[in-house]
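>>> Model the following, please.
(chains A, B and C)
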Amino acid sequence: MKRWTGAGVGRWLAVVVLVVFAGFPIYWMLNTALTTGDERFVGQSLWPKLSRLGNLFEVFDSGVPLLRWLGNSAVIAVGTTFFSLALAVLAGYGLSRYRHFAGRGLVAFALFATQMLPEALLIVPLYALFVSLGLMNGLLGLVLANTAFAMPVAVWIIKSAVDGIPYEVEEAARVDGAPRFAIFAQVTLPLVTPSIAAAAVITFFDGWNEFLFASTFIRSTEKWPASKGLSSFIGEYITPLSTVFSASLVFTVPAIIFFLLVQRRIISGLTAGSVKG
Amino acid sequence: MSTMVKVRRRIPPYLFVGAAAVYLAIFTATPLLRGVWLSFTDTKLLNPDGGTFVGADNYRNLLTEDRFLSSVVTTLLYTTLTVVGALVLGTAAAFAINERFRGRAVARAVLTMPWAAPSIAVVLVYTWIFNVEDGVANRSLAALGIGQQGWLLDPDRGLLAVTLVSVWKVFPFIMLVVLAALQSVPSELRESGRIDGAARLTIVREIVLPHIAPTLRVAALLMTIWSIRRFEIIFLLTGGGPVDSTNTLVINVYREAFQNSELGRAAAIGMLGLCLSLVVTVVYFVVDGRSARKEAS
Amino acid sequence: MPALTFSGLSKSYGDTRVIEEFTAEIPDREFLVLLGPSGCGKSTMLRMIAGLVDITSGDLLFDGKRVNDLEPKERNVAFVFQSYALYPHKTVRANIAFPLLMSRFRWWQHIPVLGWFARRRAMRDPAISNRIAEIAETMELTPYLDRRPRTLSGGQRQRVALARALVREPAVYLLDEPLSNLDAKLRAQMRTEITALYRRVGVSFVYVTHDQVEAMTMGTRVILLQDGVVQQHGTPEEIYDRPANTFVARFIGSPAMNLFPVTVTGQRIVLADGQGLPAVPASVPDDTRVSLGVRAERIAVSRDGPGLAARVVVVERLGGESVVGLRLGAGIQDDANAPAELRDLFYAKVPGRVDLEVDDACRVQVNLTGCSWFDATTGRRLEPAARIEEVSAA
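Numbers count the residues shown, from 1 in each chain, chains lettered A, B, ... in the order given. As a prediction, the model looks like this:
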């Protein structure tokens, strides 16, 4: 049995405090989703009524068009993922394997620079662009706008993954007579699938969570994604909080699960990729 | 090498990178350039194509307005507080869960959750937590005998609340980055330090910190430029209020464009915000280059 | 089956020259070894032959045909990498089949699903499956065909890499330090296997290594490189017996050739510590400082008797033979202030066992038959070398 050292107790305390700090709001979402209005009025218990866990699913019959919202979010997210990955897989590979070509620095800088572009600044020119392209009030417009911001991140993740694949494997394929694109598709891509999956998760939830474009470019409520739909509850006191937070949970849980699965690769892609260029 | 072969070999990178470059040109670069143009006009939201060129008027006006300057101060304050808060908390969390202990995987998962949670859901739950009458924050304070706080209503509390939520949301990113760096500290280094009889804190200061410093710098840069452009959390929590206390540049852009219909002014504010990010980035690369040179020599 | 012609071949990266102009003619079916210390440019040279790296200037000819601009596949070469570079996500079978599938590749196979079906079909084609079975049999890989490289041992991976090279029946085999990741015993075994393979397939091999033992045992021709400059080109025997300069002399042989700084005066060769050897090569002018190169096996050591006075510093007993490291002169010179040439050890290789111990005083006889002379400043070989028959030092 290990002796309790001062440092050990200190770390244990720190972990408990941090876990409570980080976990409480998520926990509170669940707790509130399981309460009734009266309970909240007299003071919400710290302990959830776990017996009511089944009530979470009543949110689908509560009159809130949650399924439609989630469906729209899913369409946007899938579209964003598809466009982002199609572009990012090619570009990430190209930036990793070709170090000297005219314009490389410019592309690399542009990809990094999108990290500092405020969406709010681009929204007006994009608005004008979408009006002239007839993309207003449609999910395709959101997909295209989201891709502009999600794709660069995916490029960095994939580029840093390809950086980690020894070049010799590609040389071997070249000697074996594989054409350039077959080397990319049959040799290198299969080796970076875990990172492509990570990039897919991050772009998917970029589309899933996005709010600003959705609330500016979408007029009709039946095309709202869940982010916009949920935001309509802020400052509104008609929908019961249990319904609001059941909906929030349904919206949040998939994101948390997928991020936990792939966070390691996202981290290495973001930090290694974004600065080393 | 024959010219034909030379030309043929130069094509592939463009085939790979070209599509993404074109996409960025259409959906990022062109709108950005248009934004630059807008910032020199007096365009209104209701007539987005009818603006006239006004030179640097927007910029000149902005730089003399107290409201704008205080928005800059708010941005700097918010960014500094968020970055410092996230760095301190994230690094502490990383050190806390770096070594093995029972329940570490669970702790790590819980500590990662804020980063993964969608901003909208975060804002919803924090508005409820910060609710003046029934929110758990004030109820807890009441139990301690402290009176009600207008977390999102009191101009003295607004920035604090917004920063708190932001730090909560982003510190896991720092934690994961630092954790990854910590795990790459060669164990021989720590061991040789231990054999040399160095105290725990000395090992951390002399061996571990220098090893993770470059990663921390990158994370701090990303965190800074992300904070300067952060929109959703602030906009949905306070909308820039109470009384402009959380009116950062990006919020300012949105309000100017969609509440005051001043697209030209909005674009000018956005450009100035972008310049701020650029300055930070340039400073980072200068500092980074200098320390890299120091390490090399 | 090509003869290789290098004509003024050179390679630069930006302003850095990694291969200086190199010209040589290698007949067909040679086992050419590119030998040199790490970073000498030998791998770059091999990659130029393969077509993986562009040639900066000069020409490379296969059978008189210029191949500078040809892609690797058009040169009909096979390459075995130091890291083996197996395709980690493919089975051993698919690894070996890959070159065959690629030789049947048509443009429409780029289309994702179509290409996948086409490759599956091709794998069932008896021409391909029989060929794989045959190669797997000769390389003793049959039991592992459906495993992935990760699950194989180093030696087995090496065999897969060779099998993948073998399957296409290329005109030239290019091997880049293929044995350096194996342990000593396996390395010796694979050395024999590769030599046997070379004899069986009867085509040209180009083999890169930093290990002079591999060069001596496997090569029919050796090119020795340093800093991108070819130091010597010849058969292993030529390089061993008549090194072109002191670098080659030191690089080849284990232990390396002994280099004595000497001064030639009158009829004597005077060593650094003043002791002398009674012979002078006709071509070396009087009163010049030269380096005398003598192989370790030409040096005899005895406890007493005639010869130079020396002291034992190291004794390595290898069983069948012994290597004795010596320092000239009778005194024990661990003095850090002593001139470098007195502190340098020289080695004697003696058959059987020696009864000498460290710090023993002893006598050394130097057999000057086949010795080499080098210019003391340039290090270049002095030709014609001494023609001194049967002279032993006294």
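>>> residues near the closest residue in space to residue B:162 that isn't next to it in sequence, how many?
Nearest non-adjacent residue to residue B:162, counting by CB to CB, 6 or more residues apart in numbering or on different chains: residue B:246, 4.8 Å away. Glycine gets a C-beta too; all of them are placed from N, C-alpha and C. Residue B:246: 28 surrounding residues under other CB atoms under 10 Å in any protein chain shown.
>>> Can you get me a residue count around the residue of the stretch 51-200 of chain C found nearest chain B?
Going by CB to the nearest CB, chain B is nearest to residue C:69 of the stretch 51-200 of chain C, at 4.5 Å. By other CB under 10 Å, the residues close to residue C:69 number 16.
>>> Surely it and residue B:5 touch.
Yes: taking contacts as CB atoms under 8 Å, residue C:69 lies within contact range of residue B:5: 4.5 Å.
>>> how about the helices of the stretch 101-250 of chain C, start to end?
Applying DSSP state H, counting those that start in this stretch to the stretch 101-250 of chain C gives helices spanning C:112-124, C:126-138, C:154-166, C:184-201, C:212-218, C:236-241, C:246-251.
>>> Give me the residues contacting the third one.
The set of residues that contact helix C:154-166 without belonging to it, under CB atoms under 8 Å, 6 or more residues apart in numbering or on different chains, is A:172, A:176, C:78-81, C:84-86, C:92, C:95-96, C:98-99, C:135-136, C:138-141, C:144, C:149, C:152, C:173, C:178-179, C:181-183, C:186, C:189-190, C:194, C:197, C:201.
>>> do the same with the longest one
Contacting residues not belonging to helix C:184-201 are listed as C:31, C:154-155, C:158, C:162, C:166, C:169, C:173, C:175, C:178-179, C:182, C:205, C:207, C:214, C:217-218 [CB under 8 Å, 6+ apart].
>>> what do you get for the first one?
The contact list for helix C:112-124, computed with CB under 8 Å, 6+ apart, reads A:182, A:185, C:93-94, C:97, C:100-101, C:104, C:106, C:108-109, C:128-129.
>>> could you flag which of those residues are buried?
Buried members of those, counted by 16 or more other CB atoms under 10 Å in any protein chain shown: A:182, A:185, C:93, C:94, C:97, C:100, C:101, C:109, C:128.
>>> from the stretch 151-300 of chain C, which residue is nearest to chain B?
residue C:228 (19.9 Å).
>>> how close does that residue sit to residue B:91?
47 Å (CB to CB, to the nearest Å).
>>> Now residue C:14, what are its backbone angles?
Taking degrees, to the nearest 10, you get phi 60, psi -120 for the backbone angles of residue C:14.
>>> number of nearby residues for it?
When neighbours are counted by other CB under 10 Å, residue C:14 comes out with 6.
>>> Please apply the same query to the one 10 residues further on.
By the other CB under 10 Å criterion, the neighbourhood of residue C:24 contains 14 residues.
>>> got it, and residue C:211?
Using other CB under 10 Å, residue C:211 is surrounded by 17 other residues.
>>> Next: residue B:195.
8.
>>> Which helix or strand in chain A has the lowest average pLDDT?
helix A:274-276 (a mean of 42; mean pLDDT, DSSP states H and E).
>>> From chain A, how far off is the closest residue to residue B:251 other than its chain neighbours?
Spatial nearest neighbour of residue B:251, excluding adjacent residues (CB to CB, 6+ apart): residue B:240 at 4.2 Å. According to CB to the nearest CB, to the nearest Å, residue B:240 and chain A sit 12 Å apart.
>>> ok, back up a step: residue B:157: which of the helices of the stretch 101-250 of chain C is closest?
Across the helices of the stretch 101-250 of chain C, residue B:157 has its closest neighbour in helix C:112-124 (56.4 Å, CB to CB).
>>> List the buried residues of that closest one.
So helix C:112-124, judged by 16+ other CB under 10 Å, has buried residues C:115, C:118, C:119, C:122.
>>> Same question for stretch C:75-88.
C:75-87.
>>> Repeat that for stretch C:308-316.
Quick answer for stretch C:308-316 (16+ other CB under 10 Å): C:308, C:310, C:311, C:312, C:313, C:315.
>>> filter the residues you listed down to the ones near chain A?
Among the buried residues of stretch C:308-316, not one lies near chain A by CB under 8 Å from any CB of the partner chain.
>>> Export these as TSV, with columns for secondary structure and pLDDT.
Compiled in TSV, the buried residues of stretch C:308-316 are given as follows (DSSP: H, G, I helix; E, B strand; the rest coil; pLDDT from 0 to 100):
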residue	secondary structure	pLDDT
C:308	strand	86
C:310	strand	87
C:311	strand	87
C:312	strand	88
C:313	strand	87
C:315	strand	90
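>>> Tell me the pLDDT of the residue in chain C positioned nearest to chain A.
Nearest residue of chain C to chain A, counting by CB to the nearest CB: residue C:73, 3.6 Å away. We have a pLDDT of 87 for residue C:73.
>>> Contact residues of the stretch 151-277 of chain A facing chain C?
A:166, A:168-169, A:171-179, A:181-182, A:185, A:187, A:190-191.
>>> Tell me where the model's unsure across the stretch 1-150 of chain B.
Residues of the stretch 1-150 of chain B meeting the criterion pLDDT under 70: B:1-2.
>>> Return the residues in contact with the residue in it that chain A sits nearest to.
Closest residue of the stretch 1-150 of chain B to chain A, CB to the nearest CB: residue B:16 (2.8 Å). When contacts are counted by CB under 8 Å, 6+ apart, residue B:16 touches A:90, A:91, A:93, A:94, A:95, A:97, A:98, A:184.
>>> Mind checking what secondary structure the first one has?
Okay, so that is residue A:90. Following DSSP: H, G, I helix; E, B strand; the rest coil, we place residue A:90 in the helix state.
>>> coming back round to it: quick one: secondary structure of the residue nearest to residue B:251?
coil.
>>> Domains of chain C: list them as residue ranges, please.
Domain ranges of chain C: C:4-243, C:247-375, per automatic domain parsing.
>>> Pull up the distance across the longest one, start to finish.
Its first and final residues considered, domain C:4-243 spans 23 Å by CA to CA, to the nearest Å.
>>> The residue in the stretch 151-277 of chain A that chain C sits nearest to and residue C:71, how far apart?
Of all residues in the stretch 151-277 of chain A, the one sitting closest to chain C is residue A:177 (3.6 Å; CB to the nearest CB). Applying CB to CB, the value for residue A:177 to residue C:71 is 8 Å.
>>> Looking at the two, which has the bigger crowd around it?
residue A:177 (21 against 16).
>>> Report the contact partners of the nearest residue to residue A:121 once chain neighbours are set aside.
Nearest residue to residue A:121, sequence neighbours excluded (CB to CB, 6+ apart): residue B:270, at 3.1 Å. Contacts here follow CB under 8 Å, 6+ apart; on that basis residue B:270 touches A:118, A:120, A:121, B:35, B:39, B:249, B:250, B:253.
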